[in-house]
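Engineer: would you be able to build a 3D model of this:
(chains A and B)
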Amino acid sequence: MADEPATDPGADPGGDRRRLIGLVVGAVVTALIVVLLVVGLLNRGASTTIDDALDAGSRPPAPDLQLPVLVSGAGLPPAGQKASLASLRGKVVVLNLWASWCGPCREEAPVLESVWQRYRGKGVVVLGIDIQDLSDDARAFIREHGLTYPSLRDGSDGSKAALEATGVPETFVIDREGRIALHIAGPVSRTGQLTGPLDEVLAEK
Amino acid sequence: MRRPLLAMVATLLAALALAAPAASLTVVEVAREVRCPTCNTPLDVSDSPAAQRMKVFINDRIAEGDDKQQIIDALVEEFGRGVLATPPKEGFDLVAWIVPIVLVLAGLAAIPLVTRVWARRGRDEPAPEIAPEDAARLDEELRRRGD
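Structural biologist: Predicted coordinates:
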């Protein structure tokens, strides 16, 4: 054993370093792929943060959407200019995601108009967000149904994602402090679906 | 009498020839450049209600004489850049085109490097030791062949 040389003359010190760098790079790439896979799997289904909070009895904050006005009203800027959901803080907002090509949206449009007519003088704003739609089609839909409440426009699916909606129509009641108090997935077929919750939220000081 | 008639026919043919490129644009040609916003599939293979409305929009614009790019621009104005089937080759969207090419080139560049490391690893490995009886047998075999 004592005859063994202290160092191996054939050993390559640079080789060890290269091997180490290779291992580190390989580990980093593998870790990145694993992280991407995990993130992808977690985001595969629709997020239910809002519904989970509502189920737990709390009111999650509504996202601050800033979108161009399709049809103005209720103190919103003129059509074409951007309006912010946060600018309606202090009012109770019935926020309705809709599209002209959506059949159930046709069914609920008169119900929403009726709620608007009944509550517009009580500090409530019914506000539509037309999503994934052609603006001419959207304006024709509003005219056809004689809707007088204002609507914003979002050609992309940004507001749908922000509100964790899975489709149209979906309706949210937002309280005076900008928190979501109610989420209705699917059409509002009766005014009672909204009048009860609206009366409760309006009764809060 | 014949000359004015011939002139009229020639003018009509010329007008048709000029109009031909615009008339040849089809809904499918435009639709395959964009995607359906509700189903995230190319518009030409989508049949959702939103996709049907978009196809009507494209058809109307073709009838009005718009070219392919004008119609695509109008759809981008309506739905945002996300409506494009492929990301545009400009600005930040270039990343989507460049990254795959860079990765392929990096992979190709790594091949000689990796093969060199593997080859060196094989060379550096010491030859396995032979048991004394095997060594004696080998010597015996070699000697016999040498005779």
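
Engineer: let me see the domain layout of chain B.
Structural biologist: Here the domain parsing of chain B from automatic domain parsing is B:19-86, B:91-147.

Engineer: between those domains, which gets the lowest average pLDDT?
Structural biologist: Among the domains of chain B, domain B:91-147 carries the lowest mean pLDDT, at a mean of 84.

Engineer: which strands and helices sit next to the one helix or strand in chain A whose mean pLDDT sits lowest?
Structural biologist: Here the helix or strand of chain A ranked lowest by mean pLDDT, DSSP states H and E is helix A:13-42, holding a mean of 80. For helix A:13-42, the contact count by 3 or more Cβ pairs under 8 Å, 6 or more residues apart in numbering or on different chains; DSSP states H and E identifies helix B:94-124 as packing neighbours. C-beta: built from backbone N, CA, C; applies to glycine.

Engineer: okay, angle between the helix it packs on and helix A:13-42 too, please.
Structural biologist: Orientation check (axes from the mean of the first three to the mean of the last three Cα atoms, to 10 degrees): helix B:94-124 against helix A:13-42 gives 140 degrees.

Engineer: check the offset of helix B:94-124 from the chain's centre.
Structural biologist: Helix B:94-124 sits 22 Å away from the centroid of its parent chain (Cα atoms, centre = their mean, to the nearest Å).

Engineer: swap in stretch B:38-48?
Structural biologist: With Cα atoms, centre = their mean, you get 19 Å for stretch B:38-48.

Engineer: endpoint to endpoint, stretch A:38-49 covers what distance?
Structural biologist: 18 Å (Cα to Cα, to the nearest Å).

Engineer: cool, stretch A:172-182 as well?
Structural biologist: 5 Å.

Engineer: may I see the buried residues of that stretch?
Structural biologist: A:172-176, A:178, A:180-182 (16 or more other Cβ atoms under 10 Å in any protein chain shown).

Engineer: now do the domain split for chain A, please.
Structural biologist: Segmentation of chain A into domains, based on automatic domain parsing, reads A:11-45, A:49-203.

Engineer: please report phi then psi for B:Thr86.
Structural biologist: Note on B:Thr86: its backbone torsions stand at phi -120, psi 140 [degrees, to the nearest 10].

Engineer: run through who's touching the helix or strand hosting A:Arg139.
Structural biologist: According to DSSP states H and E, A:Arg139 maps onto helix A:135-144. Helix A:135-144 has contacts (Cβ atoms under 8 Å, 6 or more residues apart in numbering or on different chains) with A:70-71, A:99-101, A:105-106, A:109, A:130, A:147, A:151, A:153, A:155, B:53, B:78.

Engineer: re earlier: dump the domains of chain B to a markdown table, plus distance to A:Leu36 and mean neighbour count.
Structural biologist: Output for these, formatted as a markdown table (distance: least, Cβ to Cβ, whole Å; neighbours: other Cβ atoms under 10 Å in any protein chain shown):
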| stretch | distance to A:Leu36 | mean neighbour count |
| --- | --- | --- |
| domain B:19-86 | 19 | 17 |
| domain B:91-147 | 13 | 10 |
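
Engineer: closest to chain A out of those domains?
Structural biologist: domain B:19-86 (3.9 Å; Cβ to the nearest Cβ).
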